[in-house]
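S.K.: below are the sequence and a predicted model; questions follow.
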Amino acid sequence: MNVINADDVIQLLGVIGESKIDSFCLELLSLKLQVNKHRNIEDDIDRESSEVKAAHEGLVPIRAPVLGLFCIAEHHGAPPFVEVGQIVEQGAVLCLIDVLGELHAVKADLPGRIRGISALDGQMVEFDQQIFSLEKIEQQ
């Protein structure tokens, strides 16, 4: 039996995105993929206003590089990679995103203090979704 991989899912999402299909559900063994193209305009407005507020406060958004499950720790029961208020160095691992069993590390692009975590452990995050707010800290 063939195994579906991350590239297959990305290709499938591209086909669905270009189609007239409004919703799609696929279940294969332990994989469940649900796509709904209807967007809630109020959610978009809330997202934009929170991003404008964060930018005004000098916070840098850290975004999900891929669609997948947000993992704040290396494994269940392990301490989180970061917590709100923690100072991180450039390149520090902030979280992992699980895409069909393949783990992608999300790292800090610059040194700073974690001011907000916008996803819950085990929550599905979308590509380019803001998952952290980072206050930039100038290195001496």
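M.R.: Here it is on my side, so go on.

S.K.: what's the following helix or strand after the helix or strand bottoming out on mean pLDDT in the chain?
M.R.: Least confident helix or strand, the chain: helix 41-56 with a mean of 54, by mean pLDDT, DSSP states H and E. Moving toward the C-terminus from helix 41-56, the next helix or strand (DSSP states H and E) is strand 59-63.

S.K.: which one is D98 nearest to, not counting chain neighbours?
M.R.: Nearest residue to D98, sequence neighbours excluded (Cβ to Cβ, 6 or more residues apart in numbering): L69, at 4.2 Å. The way it works is simple: take the backbone N, C-alpha and C, and place the C-beta from them, glycine included.

S.K.: scratch that, L67
M.R.: Distances taken as Cβ to Cβ, 6+ apart place F127 nearest to L67, at 4.8 Å, with adjacent residues excluded.

S.K.: ok, the one you found to L13 distance?
M.R.: To L13, F127 is 9 Å away according to Cβ to Cβ, to the nearest Å.

S.K.: returning to that earlier point: what about the residue nearest to L67, how many neighbours?
M.R.: For F127, the neighbour count with other Cβ atoms under 10 Å is 13.

S.K.: again with G91
M.R.: With neighbours defined by other Cβ under 10 Å, the count for G91 comes to 11.

S.K.: tell me the secondary structure at V9.
M.R.: Here V9 is helix, with the state taken from DSSP: H, G, I helix; E, B strand; the rest coil.

S.K.: please read the previous query as pertaining to P65.
M.R.: Assigned with three-state DSSP, P65 falls in the coil class.

S.K.: could you shift the numbering so residue one becomes 415, and keep it that way?
M.R.: All set: I'll call the first residue 415, so the last point we hit is now P479.

S.K.: residue contacts, it?
M.R.: If you count contacts by Cβ atoms under 8 Å, 6 or more residues apart in numbering, P479 has them with I511, H518, V520, F541.

S.K.: ok so, going back, between F541 and L427, which contacts overlap?
M.R.: Among the neighbours of F541, those also in contact with L427 (Cβ under 8 Å, 6+ apart) are L481.

S.K.: before we move on, back to that, out of the contacts of P479, which end up buried?
M.R.: With burial judged by 16 or more other Cβ atoms under 10 Å, the buried subset of those is I511, V520.
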